[in-house]
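> with the input below, show me the fold.
(one chain, ligands or ions: 2)
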Amino acid sequence: MIELGVNIDHVATLRQARRTWEPDPVWAAVEAHLGGADGITVHLREDRRHVNDDDVRRLRELTQVKLNLEMAATDEMVGIACRLEPEMAMLVPEGRHEVTTEGGLDIVGQEARLKEMIARLADAGIVTSVFIDAEHPQIEAAARIGARVCEIHTGPYAHAFHGSGRDAEAPAVLAELAKVKAAGEAVRRLGMRFNAGHALNYYNVQPIARLAGVRELHIGHAIVSRAVFVGLREAVAEMKRLMREAAAPSA
Ligand SMILES: CC(=O)[C@@H](O)[C@H](O)COP(=O)(O)O
Ligand SMILES: NCC(=O)COP(=O)(O)O
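Ligands and ions are numbered 1, 2, ... in the order given. Predicted coordinates:
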């Protein structure tokens, strides 16, 4: 059954708006779990613009929810991950001035360095994941460096979907969806786990959720946005319902 990793970064964004203590990401992790989340994703960015070191420490110590730590490929972050021991760690690119993640990790250009980081994480018993574009050279490089999981960047699909007026049948959308599908097939062919994420929401999630072999979707901003109006538990439950319906074998 396809799983949902709820990214709670933007609960921390709301807290940081006042540099205060609420809303607490730890409370959000419990609420998301009670709504049906299979895991929690947090991106501990180098600039700590939202989730901070104390958040990840408390998440690990106070909750039993499966934790996916997103992180830049730096010695600092690998050290934090090896001390924290999340169930999974995902290497993502970071730009100081980006609003959000803009593209996948360039593995091809830095294989030796990333291979060593993947090995250190794996030696600590952490499932290793990389956030990459739906590009075959990057997928093949992910396998070479020993990544267990590839999370395929669904941003181009999502942007095409909304750029086409939410028309799932628009040629541009179908073209981006086909890229994610082909990437997932290549990931699985190389023995890695096929995950997907970025900019997925209640309107565009189902075509991705019904792709063969996709294991986990990591969704954050849309769920937290919906939670402002219906509460996080309900927002997560709604997303899980959509994913279950999509993944159900067609009658
Ligand atoms: C890799 C990805 O798409 C997200 O998980 C990432 O965390 C986005 O960064 P922000 O949460 O800072 O927008
Ligand atoms: N890796 C994707 C993720 O965790 C959430 O991304 P988004 O849904 O906030 O765009």
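> give the helix, strand or coil label for the residue nearest in space to the middle of the chain.
For the chain, the residue sitting closest to the mean C-alpha position, by C-alpha atoms, centre = their mean, is residue 218 at 3.7 Å. Here residue 218 is strand, with the state taken from DSSP: H, G, I helix; E, B strand; the rest coil.
> residue 8 is in contact with that one, correct?
No. Using C-beta atoms under 8 Å, residue 218 is not in contact with residue 8, being 11.0 Å away. Backbone N, C-alpha and C define where each C-beta goes, glycine included.
> could you tell me which residues touch both of those two?
Overlap between the contact sets of residue 218 and residue 8, as judged by C-beta atoms under 8 Å, 6 or more residues apart in numbering, is given by residue 41.
> quick one: the helices in the stretch 101-250 of the chain?
Under the criterion DSSP state H, counting those that start in this stretch, helices of the stretch 101-250 of the chain are mapped to 111-123, 136-145, 155-163, 171-189, 205-209, 221-230, 232-247.
> average model confidence for the longest one?
Per-residue confidence for helix 171-189 averages out to 98 on the pLDDT scale.
> that one and ligand 1 in contact?
No. Figure legend: helix 171-189 not in contact with ligand 1 (C-beta under 6 Å from any ligand atom); closest approach 13.7 Å.
> burial count for residue 228?
Other residues near residue 228 come to 11 when the count uses other C-beta atoms under 10 Å.
> residue 218 pairs with what?
residue 5, residue 197 (DSSP bridges).
> gap between the residue nearest to the centre of the chain and residue 135?
To residue 135, residue 218 is 19 Å away according to C-beta to C-beta, to the nearest Å.
> still on that earlier bit, so which of the helices of the stretch 101-250 of the chain is nearest residue 79?
Each of the helices of the stretch 101-250 of the chain was scored for nearness to residue 79 using C-beta to C-beta, and the closest is helix 111-123 (8.8 Å).
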